[in-house]
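> Fold the following, please.
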Amino acid sequence: MEFKLILKKLNNSISPKEELVFKAWYQEKKEHRQFFNNVKANYNKNIEIVDIEEAWQKIVDRIDKPKPHKTYWKFAVASVIVGLLGTGYFLKDNILGDSIEKKSVIINENSILPGIDKAILTLEDGSQIALEKGASFQNNNVNSNGEQLVYSSKAKVSKEIVYNYLTIPRGGEFYIVLSDGTQVWLNSESQLKYPVSFKEGDTRKVELVYGEAYFDVSPSMEHKGSKFMVLNESQSIEVLGTEFNIKAYKDETNIYTTLVEGKVLVKSPTQNQVLKPKQQANLNLQDKSMSVATVNVYNEVSWKEGVFSFKGKPLKEIMKIVSRWYDIDVVFENKELENITFKGVLGKNQELEEILMTIKTLSILEDFEINNKTIILK
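Take a look at the predicted model:
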């Protein structure tokens with residue numbers, strides 16, 4: 001296997017992206033941390049991991065008695081080093097196939113590459129600018145190197161507020177700094193409407209028209225007490241200075257607002273709810289009801305760090321996220337697969353085949369077919 005993250009961690013040869021995968025596993029459970037510390041205490045640099053069973057035997061032989069139950073620790077080892085096809089791992093609800101049959105995989109098109117930094121900037125006069133690596137843009141108020149968009153804090157405010165739109169297509173993501181210093185990370189298939197400059201003393205308002213965005217809001221104290229609001233067709237969020245994530249896709253029936261730091265007030269047509277850090281508001285768009293739950297923040301916002309972290313999500317939901325990033329369509333030929341749940345971490349820089357092969361290798365899929373931009377899961 002190619003990625004032996006525990007050994008790389010102990011050898012200080014782990015890459016930044018592999019470090020993200022390792023941290024997700026390490027922080028997930030007390031038993032994982034306990035296991036890593038046992039391995040570290042009995043580590044021998046001459047150990048070479050070849051496969052899961054051999055890895056288990058060589059590592060466990062060096063761990064002092066009483067030894068942990070073999071089956072549990074086999075999964076612990078697997079969850080780290082099974083990133084064999086990229087910086088990612090998947091576990092299927094405590095079931096890891098003992099034997100893996102080789103099955104045919106049909107690929108009728110070139111490799112499907114992961115998404116990149118790209119967006120469409122729509123200016124106040126309606127003109128559109130394609131933003132992507134290698135294509136720079138600049139005017140009096142904003143400049144872009146093709147990978148980020150930064151608005152000037154010194155832009156003059158006209159009597160009438162002027163708005164720009166930033167639209168992220170499927171297969172893209174983008175980072176923007178608003179004129180007040182607020183940072184926004186936009187995920188695939190998203191659109192943000194915002195002023196070129198904010199009027200001093202007025203509430204700073206932007207609109208997440210659709211999609212997903214992570215906000216790191218410039219504090220009110222730096223703007224003479226001016227509040228910051230994120231609007232959406234179905235809700236609004238009022239903040240004083242905080243970090244939070246909003247997921248409001250057009251093809252979903254719920255809006256999820258996750259608070260990372262600070263304090264926000266989520267307003268819907270039927271109720272208002274103040275969120276504390278690590279809480280998530282779930283607004284049901286069908287009946288307008290809102291519920292609040294404590295969540296693992298890392299799983300909700302890791303997408304902006306180049307990682308997809310899933311915990312107990314059904315494959316149908318996972319593939320919806322994957323389809324936006326790779327700009328593909330997914331068909332479940334075997335409908336029973338839709339509701340199988342997993343926990344795992346995926347690096348967003350992998351080719352699509354690597355992700356599908358990882359899932360297939362763990363005996364989650366019988367087979368899959370890539371036909372142009374359509375993936376068929378069997």
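> okay, now the domains of this protein?
5-84, 106-112+306-377, 116-295 (automatic domain parsing).
> need those in TSV with mean pLDDT, can you?
Listed next are these as TSV, based on pLDDT from 0 to 100:
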stretch	mean pLDDT
domain 5-84	56
domain 106-112+306-377	83
domain 116-295	93
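> Quote the end-to-end distance of stretch 219-231.
Stretch 219-231 stretches 18 Å from its first residue to its last (Cα to Cα, to the nearest Å).
> And stretch 217-231, by the same measure?
14 Å.
> Residues contacting it, please?
178, 180-182, 198, 200-208, 213, 215, 236-243, 246, 262 (Cβ atoms under 8 Å, 6 or more residues apart in numbering). (Each C-beta comes from the backbone N, C-alpha and C, glycine too.)
> Just the buried positions in it, please.
217, 218, 219, 220, 223, 226, 227, 228, 229, 230, 231 (16 or more other Cβ atoms under 10 Å).
> Centre of the chain to that stretch, how far?
26 Å (Cα atoms, centre = their mean, to the nearest Å).
> repeat for stretch 130-144
Centre to centre, stretch against its chain (Cα atoms, centre = their mean), the figure for stretch 130-144 is 25 Å.
> Which residues does that stretch contact?
Counting by Cβ under 8 Å, 6+ apart, residues outside stretch 130-144 touching it are 116-121, 123, 129, 145-147, 149-152, 155, 164, 174, 179, 196-197.
> Put the buried members of those residues into a PyMOL selection.
Selection of buried members from those for PyMOL, criterion 16+ other Cβ under 10 Å:
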select buried, resi 117+118+119+120+121+123+129+146+147+149+150+151+155+164+174+179+196+197
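> Now, the contacts of stretch 130-144 that are in strands?
The strands, defined by DSSP state E, take in 116, 117, 118, 119, 120, 121, 129, 149, 150, 151, 164, 174 from those.
> so the first one makes contact with residue 171?
Yes: under the contact definition of Cβ atoms under 8 Å, residue 116 touches residue 171, with a separation of 7.3 Å.
> Just list the residues touching the closest residue to residue 198 other than its chain neighbours, thanks.
With Cβ to Cβ, 6 or more residues apart in numbering as the criterion, residue 198 has its nearest non-adjacent residue at 4.7 Å, and that residue is residue 204. When contacts are counted by Cβ under 8 Å, 6+ apart, residue 204 touches 180, 182, 195, 198, 223, 226, 227, 228, 229.
> helix/strand/coil for residue 369?
Here residue 369 is recorded as strand under DSSP: H, G, I helix; E, B strand; the rest coil.
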